[in-house]
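Student: coordinates for the following, if possible.
(2 chains)
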Amino acid sequence: MSKSKLQNLHSPKGMHDILPQDQPWWDKIRQEIDYIADYYNFHRIDTVLMERAEIFEKSLGETSDIVEKEMFVLKSTSGDRFVLRPEGTAGIVRAYVQHGLSHLGQPLKLFYLGPMFRKEQPQAGRFRQFHQAGFEIMGGDSDAVYDAQVILAIFRLLENLKIKDISLHINSIGCRICRPNYRKKLIAYYRPLAAKLCRDCRNRLKQNPLRLLDCKNEDCQKFKSEAPIILDNLCVSCSRHLKHVLEFLEELDLSYVLDNQLVRGLDYYNKTVFEFFTNTVSEDGRKFDFALASGGRYDYLMELFGARTNAGVGGAVGLERLIEVMKAAKVNLSLRKKPGVFFIHIGELAKKRSLKLIESLRDEGVPVKESLGKDSLGAQLRSANKEGSDYTLIFGQKEAFEESIIIRDLKNGVQETVPLRKLVSEVKKRLK
RNA sequence: GAGGCAUUGGUGUAGCGGCAGCACAACGCUCUGUGGCAGCGUUUGCACCGGUUCGAAUCCGGUAUGCCUCCCCA
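Tutor: Numbering: from 1, shown residues only, chains lettered A, B, ... in the order given. A predicted model of the protein is given here:
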């Protein structure tokens, strides 16, 4: 880093610029998301980056980790509290209700792509500013077919991005009728064991008992395996819903793992929850232990915001994580290089006329690169080569007088002099 | 919020108490009539603040950031 008057010249912790050399990855991902969205009729929505704090506090749950310690809160001088959005769904439900989007048809399928902000310790696949793309189906009935559609769309996206060894974990966390019962059973089971549990689990027992099922501590595993299973405790409606979702997935030949220990950190979920993982291993043996995508049904969130119908389901993918896995798997981006020509001038007269000449090509839709600031022929040819151009146009003193130009094929060195008036057609012919 | 390891030009690295070096990249020249090669040259650095010392990139403390882990998560 060169000397600067700024003391600490750095983007904030966990927030990274996306540099030109990484843009092809992002282009690829955006391209596939647009394709999937169009394919399944999801309409793009962009909501604001900042919401009133209560939008998240009320929806994600006051005791959720995100709300308790991960939100970037901004206070205005008038005392309003705003939050940089830590996730996408709450804002979209807000917009859905605010703008009466239920009038656009039921259910409404929406997708989004944009930055999210969480004040966490940066770590593998985790950043303070990161990007998510999500698919939401809201309104209409709380029909299992929509759960399956969201899962399918995300699965196809991962597949199209050539991510290998995808596994889908799915579970149901019940509703406000059956979940409290299960919770009681779980607490009843764990309370006598409290002394033997790890410290985190003792906390979970008080704060969020369902999360006991998440514990990775070895000593806690044996208790977990004996613990009551939520799937055995679902009410009729929830268990039928789950059965239907699974049936749809089976019809699609989409394999899944029924993971009765999958619980999610956000309060607004009910019934279906799911996560996508990959078993991709990078060349240096690194595994990807984080979820690539996740989601679930959020009927209560719709209710909380006062939507007409209490039905919503959606999922989101973490784009930085996708890119990491794609890089590790050496996914070939196969981005087509735009064909184009490189313009070279020799001599004062030719240089003077070059801008206008290039403009006439660009007007005709021919992409032109140049390094007009360099005057030496060698230097310009080197630039042309570095840019990977297929053809070079050489416009010198002689050509300027004769109203002609040289078209040179950079690969084989074959070149031809053509009259200027034929330039556009000759170039187009070669670029085809 | 807690812990471990790290930080030397744009990138990758050597130096580990005594002259900051190398490779690649970038830029220029050889090169105003034909490039990729080559030769020559130029630019750019010890993260920051303080301490120890005759002397610090090197040892110590703090801060920042990065990587990794816990918590949690996309």
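Student: show me where the stretch 51-200 of chain A has its strands.
Tutor: Per DSSP state E, counting those that start in this stretch, the stretch 51-200 of chain A carries strands over the ranges A:73-75, A:81-84, A:108-117, A:129-138, A:166-172.
Student: now those as a markdown table including mean neighbour count, mean pLDDT and distance to A:Glu51?
Tutor: The C-beta positions use only the backbone N, C-alpha and C, and glycine is treated the same way. Output for those, formatted as a markdown table (neighbours: other CB atoms under 10 Å; pLDDT from 0 to 100; distance: least, CB to CB, whole Å):
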| stretch | mean neighbour count | mean pLDDT | distance to A:Glu51 |
| --- | --- | --- | --- |
| strand A:73-75 | 11 | 91 | 11 |
| strand A:81-84 | 18 | 95 | 6 |
| strand A:108-117 | 21 | 97 | 11 |
| strand A:129-138 | 24 | 97 | 15 |
| strand A:166-172 | 21 | 95 | 29 |
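Student: of those, which is nearest RNA strand B?
Tutor: strand A:129-138 (3.6 Å; CB to the nearest atom of the strand).
Student: the closest one - which strands sit beside it in the sheet, and in what orientation?
Tutor: In the sheet, strand A:129-138 lines up against strand A:108-117 (antiparallel), strand A:312-318 (antiparallel) (DSSP bridges).
Student: so what's the gap between the first one and the chain middle?
Tutor: This points to strand A:108-117. From the chain centre to the centre of strand A:108-117 is a distance of 9 Å (CA atoms, centre = their mean, to the nearest Å).
Student: could you list the low-pLDDT ranges of chain A?
Tutor: A:1-8, A:265, A:334-337 (pLDDT under 70).
Student: could you measure from the residue nearest to the spatial centre of it over to RNA strand B?
Tutor: The centre of chain A sits closest to A:Leu319, judged by CA atoms, centre = their mean, with a distance of 3.2 Å. Relative to RNA strand B, A:Leu319 is positioned 8 Å away (CB to the nearest atom of the strand, to the nearest Å).
Student: so where do the helices sit in the stretch 201-350 of chain A?
Tutor: Under the criterion DSSP state H, counting those that start in this stretch, the stretch 201-350 of chain A carries helices at the ranges A:218-226, A:236-251, A:299-304, A:319-328, A:348-363.
Student: with distance to A:Ser59 added, can I get those in CSV?
Tutor: Shown next, in CSV, are the helices of the stretch 201-350 of chain A (distance: least, CB to CB, whole Å):
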stretch, distance to A:Ser59
helix A:218-226, 29
helix A:236-251, 21
helix A:299-304, 6
helix A:319-328, 23
helix A:348-363, 50
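Student: what sits against A:Glu348?
Tutor: Listed by CB atoms under 8 Å, 6 or more residues apart in numbering, A:Glu348 has no contact partners.
Student: distance of it from RNA strand B?
Tutor: Taking CB to the nearest atom of the strand, one finds A:Glu348 at 6 Å from RNA strand B.
Student: tell me how chain A divides into domains.
Tutor: A:20-177+A:235-328, A:341-431 (automatic domain parsing).
Student: quick one: end-to-end length of the longest one, please.
Tutor: To tie it back to what came earlier, the one meant is domain A:20-177+A:235-328. 19 Å (CA to CA, to the nearest Å).
Student: check stretch A:282-299 too.
Tutor: End-to-end distance (CA to CA), stretch A:282-299: 38 Å.
Student: distance to A:Lys164 added to the strands paired with strand A:129-138, as a markdown table?
Tutor: Below are these laid out as a markdown table (distance: least, CB to CB, whole Å):
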| stretch | distance to A:Lys164 |
| --- | --- |
| strand A:108-117 | 23 |
| strand A:312-318 | 16 |
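Student: and the gap between whatever residue of the stretch 301-432 of chain A ends up closest to RNA strand B and A:Ile344?
Tutor: Shortest the stretch 301-432 of chain A-to-RNA strand B distance, computed as CB to the nearest atom of the strand: residue-wise this is A:Gly378, at 1.9 Å. Relative to A:Ile344, A:Gly378 is positioned 10 Å away (CB to CB, to the nearest Å).
Student: more neighbours: which of those two?
Tutor: Legend: neighbour count by other CB atoms under 10 Å for A:Gly378 and A:Ile344, higher for A:Ile344 (25 against 8).
Student: is it true that that one touches A:Ile394?
Tutor: Yes. Using CB atoms under 8 Å as the test, A:Ile344 is close enough to A:Ile394 to be in contact (4.9 Å).
Student: overlap in contacts, those two.
Tutor: Joint contacts of A:Ile344 and A:Ile394 (CB under 8 Å, 6+ apart) are A:Leu377.
Student: in stretch A:144-154, which residues are buried?
Tutor: A:144, A:146-154 (16 or more other CB atoms under 10 Å).
Student: same deal with stretch A:343-361?
Tutor: Buried-residue list, stretch A:343-361, by 16+ other CB under 10 Å: A:343-346, A:350, A:354, A:357-358, A:361.
Student: same question, stretch A:192-200
Tutor: Buried-residue list, stretch A:192-200, by 16+ other CB under 10 Å: A:193, A:197.
Student: now that stretch - C-alpha only, PDB.
Tutor: What follows is stretch A:192-200 as a C-alpha-only set of coordinates in PDB (Å, rounded to 0.1, in the frame of the first residue of the first chain):
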ATOM      1  CA  PRO A 192     -32.400 -33.900  34.600                       C
ATOM      2  CA  LEU A 193     -29.400 -34.100  32.400                       C
ATOM      3  CA  ALA A 194     -28.500 -30.400  32.800                       C
ATOM      4  CA  ALA A 195     -25.400 -31.100  35.000                       C
ATOM      5  CA  LYS A 196     -23.900 -33.300  32.300                       C
ATOM      6  CA  LEU A 197     -24.500 -31.000  29.400                       C
ATOM      7  CA  CYS A 198     -21.900 -28.600  28.000                       C
ATOM      8  CA  ARG A 199     -22.100 -25.000  29.000                       C
ATOM      9  CA  ASP A 200     -23.700 -23.900  25.700                       C
END
